[in-house]
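Colleague: My questions concern the predicted model and sequence given below.
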Amino acid sequence: MGNELNRRSFLNAAVSAAGLVAMGPLLSACGSGPAQRAGVGSEAALKAVLPAYVPNTSIKPDIPSIAGGPDVMTNPGFLSYPSNRVATVSGIPGKGGAYSSVTPLWGTIPPADNAFYAAMNKALGVKLEMKPADGNNYNTIIPTMTASKRLPDWIQLPTWWNSQMNVGGLVGNQLADLTPFLSGDNIKSYPNLAAIPTSAWRTGAWGEKLYGIPSHATGFQIAGTLYYRRDIFDAKGITADQVKSADDLMRLGKELTDAKNGVWAFDDVYRYLYTSFGAPLKWRVDNGKLVHLYETEEFYAALDWNNRLATAGYVHPDALAGDNANGNTRFYGGKTLISSGGTGTWNLADLQSGRAADPNYRRGAFNIIAADGKSTPRVDMGAGASIMSYLNINLKPEQIEECLAVANYLAAPYGSAEFTMVNFGVEGTHFTMVDGVPTATEAGKKEVQAQTYPFLAAPAAAVNSPGVDFVTKDYCAWQAANVKALAKPVFWNMNISMPQAQATADAAQQVEDAMRDCIHGKKSVAEVKDAVASWKTSGGGDKLIQWTNDNVLQKHGTGQ
């Protein structure tokens, strides 16, 4: 996870859900709202729309990024908080304008008109009215606002809710076109925004125009991975590099499970393992033909393996019962030794939670594997960002420019003077330096939230667990070892608007329910095949495949 989402433990469940959705096309269903904008598909259109990328060199990380291919790179790592807080913005960005903003917040909403907001307004040179809303209800709050056309000047719309929020219908109708301000070299007027990777800007492109401003962009975006209790494995003499195939994992299940003493090898792992069997994230193109995940043999091979894992008794009973909420508790307590989850889990807060349960706790992650132990390991990467903010279409050009200047301040790199202000507040009031680490005061805990200003704009992700070097080193080393396994799936990072009937078919609830029961040992693979057959005919699956072929593949290509 990037930057201060580590420090404040941004809702891990939401991050994981975002990662899962971000892995595929960003869907928006056509409903009764405004006309939809299809995704930007052709390379020519993308080159004309996307901003230039100019890396920021003002602050040097301790662990530099490593490129793994086009649009793929590891996140830089910082072993300590930079002592020299370089200023990256000259002067005050704003010109006295007044704007309203709404972002989701999973936590305690700060008091309005607090000292931190006042200090930020002074630093930004605008009156930016912050109105954080309950993240748990955000997907119902926003549609009400858009229906009445009462959006604020600046709003954050998480990409995993693109469909529910009808973002494809809002762009160009209620959300401003930023193409004239940010495309190509135009973005160089905003150097910190120019340092955001190109793939993240692509996430905010609709109908061959640019609308969204990304936060916490990353070139290492995957839904998640397989974790293990490194401290316990080390004590048993087991190393992660011994695990090179699905058979190796199954053998670990037998070796590690001790049900009599309340220990099971596995928690729920299917969602982060099935592509190891060669199954596509959702789509594959075979000899020009579009093939859905449910039509592949690799999909059923992954189901079969997980079904056998469950029926062999190697998965914790609570996980088999569908209790995912307490998965971390089981992992921290040593009740499960292998789990799965989003990469946002691997941070200082995780170490602190784990060591509260076991002082020896240390998280590790298996390298990405191919199930057969022979093929080249591959994992499908997700969109460059899942946090996107948008400006109101009613803003005048000079107001958009002022907001973008503010966004440039908010996107200052990790450890800069501006980043410190945005994420920690005023030194002496909201934080103090303790052993070189910005540490929140009581006022800072109440007023400074990582889900307010950074949800409007933020720099690219950086790995940091201040005060605990090995967490940063472990995570960066794992990324470096696996970066070449990341690959773009079909329709990578494309915003796709589809009719409601196809969006419903895409959700495939009847198949998902059968699949969940199968990996929990309650249904057979044959029963999932029956559910898929029903989905393809009466559930609209065949029509979904045909619609996607005709309207996306044939018109816009694969996005790879």
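Modeller: Received the coordinates, thanks. Numbering: from 1, shown residues only.
Colleague: buried residues in stretch 320-339?
Modeller: Neighbour-count burial for stretch 320-339 flags 320, 327, 328, 330, 331, 332, 334, 335, 336, 337, 338, 339 (criterion: 16 or more other C-beta atoms under 10 Å). Glycine gets a C-beta too; all of them are placed from N, C-alpha and C.
Colleague: Of the residues you listed, just say which sits nearest to residue 246.
Modeller: Ranked by distance to residue 246 (C-beta to C-beta), these are led by residue 338 at 12.7 Å.
Colleague: what separates the closest one from residue 266, distance-wise?
Modeller: Going from residue 338 to residue 266 by C-beta to C-beta, to the nearest Å gives 5 Å.
Colleague: what's the answer for residue 291, then?
Modeller: 30 Å.
Colleague: In terms of neighbours, single out the busier of the two.
Modeller: residue 266 (27 against 16; other C-beta atoms under 10 Å).
Colleague: so where's the stretch 351-500 of the chain shaky on pLDDT?
Modeller: For the stretch 351-500 of the chain, no stretch is flagged by pLDDT under 70.
Colleague: Show me what whichever strand or helix holds residue 515 is packed against.
Modeller: Remark: residue 515 resides in helix 509-519, with elements defined by DSSP states H and E. For helix 509-519, the packing partners by 3 or more C-beta pairs under 8 Å, 6 or more residues apart in numbering; DSSP states H and E come out as helix 297-311, helix 525-537.
Colleague: just the angle between the last one and helix 509-519, please?
Modeller: This means helix 525-537. Relative orientation of helix 525-537 versus helix 509-519 (axes from the mean of the first three to the mean of the last three C-alpha atoms, to 10 degrees): 170 degrees.
Colleague: Quick check: buried residues in helix 525-537?
Modeller: 525, 528, 529, 531, 532, 535, 536.
Colleague: pretty sure the fourth one is touching residue 510, no?
Modeller: Yes: contact status for residue 531 versus residue 510: in contact at 5.4 Å, counting by C-beta atoms under 8 Å.
Colleague: Let me have the buried residues of helix 525-537 in a markdown table, extended by distance to residue 456 and pLDDT.
Modeller: A markdown table is the format used below for the buried residues of helix 525-537 (distance: C-beta to C-beta, whole Å; pLDDT from 0 to 100):
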| residue | distance to residue 456 | pLDDT |
| --- | --- | --- |
| 525 | 46 | 96 |
| 528 | 43 | 95 |
| 529 | 46 | 96 |
| 531 | 42 | 95 |
| 532 | 42 | 96 |
| 535 | 40 | 95 |
| 536 | 43 | 93 |
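Colleague: and of those residues, the nearest to residue 139?
Modeller: Among the buried residues of helix 525-537, residue 535 lies closest to residue 139 (C-beta to C-beta), at 24.8 Å.
Colleague: Export the helices and strands packed on helix 509-519 as a markdown table, with columns for distance to residue 500.
Modeller: Compiled in a markdown table, those are given as follows (distance: least, C-beta to C-beta, whole Å):
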| stretch | distance to residue 500 |
| --- | --- |
| helix 297-311 | 26 |
| helix 525-537 | 17 |
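Colleague: so which of those gets nearest residue 166?
Modeller: Of the helices and strands packed on helix 509-519, nearest to residue 166 by C-beta to C-beta is helix 525-537, at 24.6 Å.
Colleague: which residues are in contact with the helix or strand following the closest one?
Modeller: Moving toward the C-terminus from helix 525-537, the next helix or strand (DSSP H and E) is helix 541-548. With contacts defined as C-beta atoms under 8 Å, 6 or more residues apart in numbering, helix 541-548 is touched by 283, 290, 292, 294, 496, 498-499, 501-502, 505-506, 508, 532, 535-536.
Colleague: ranges for the helices of the stretch 201-350 of the chain?
Modeller: Secondary structure of the stretch 201-350 of the chain by DSSP state H, counting those that start in this stretch: the helices cover 230-236, 246-256, 297-311, 317-320, 327-332, 348-357.
Colleague: any chance of the ones you listed in CSV, plus distance to residue 131?
Modeller: Output for those, formatted as CSV (distance: least, C-beta to C-beta, whole Å):
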stretch, distance to residue 131
helix 230-236, 42
helix 246-256, 47
helix 297-311, 43
helix 317-320, 38
helix 327-332, 31
helix 348-357, 26
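Colleague: These: which one's closest to residue 213?
Modeller: helix 348-357 (26.5 Å).
Colleague: helices and strands around the closest one, which ones?
Modeller: When contacts are defined as 3+ C-beta pairs under 8 Å, 6+ apart, helix 348-357 sits against helix 327-332, strand 363-365, helix 469-482.
Colleague: Now distance to residue 145 too, for those, in a markdown table please.
Modeller: Listed next are those as a markdown table, based on distance: least, C-beta to C-beta, whole Å:
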| stretch | distance to residue 145 |
| --- | --- |
| helix 327-332 | 34 |
| strand 363-365 | 39 |
| helix 469-482 | 37 |
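Colleague: Compare those and give me the one nearest residue 514.
Modeller: Among the helices and strands packed on helix 348-357, helix 327-332 sits nearest to residue 514 (C-beta to C-beta), with 22.1 Å.
Colleague: So which residues make contact with the closest one?
Modeller: Contacts for helix 327-332 (C-beta under 8 Å, 6+ apart): 12, 227, 229, 267-268, 316, 318-319, 336-337, 339, 341, 345, 353-354, 356-358, 361.
Colleague: for stretch 142-149, same thing?
Modeller: With contacts defined as C-beta under 8 Å, 6+ apart, stretch 142-149 is touched by 33, 102, 151, 155, 157, 161, 164, 165, 166, 170, 174.
Colleague: and which of the residues you listed is nearest residue 461?
Modeller: residue 157 (19.4 Å).
Colleague: got the contact list for the closest one?
Modeller: 142, 165, 167, 212, 388, 389, 390 are the contacts of residue 157 under C-beta under 8 Å, 6+ apart.
Colleague: Then residue 76?
Modeller: Residue 76 neighbours (C-beta under 8 Å, 6+ apart): 61, 63, 64, 65, 414, 462, 463.
Colleague: pull the helix or strand with minimum mean pLDDT from this protein.
Modeller: helix 12-22 (a mean of 35; mean pLDDT, DSSP states H and E).
Colleague: State the distance from residue 74 to residue 219.
Modeller: Plainly put, residue 74 is 7 Å away from residue 219 if you go by C-beta to C-beta.
Colleague: intersection of neighbour lists for those two?
Modeller: In terms of C-beta under 8 Å, 6+ apart, residue 74 and residue 219 are both contacted by the residues 65, 68.
Colleague: excluding its backbone neighbours, what's nearest residue 211?
Modeller: For residue 211, ignoring the flanking residues on the chain, the nearest one in space by C-beta to C-beta, 6 or more residues apart in numbering is residue 171 at 4.6 Å.
Colleague: now do residue 273
Modeller: residue 226 (6.4 Å).
Colleague: Could you tell me which of the contacts of helix 327-332 count as buried?
Modeller: Applying 16+ other C-beta under 10 Å to the contacts of helix 327-332, the neighbour count classes 12, 227, 229, 267-268, 316, 318-319, 336-337, 339, 341, 345, 353-354, 361 as buried.
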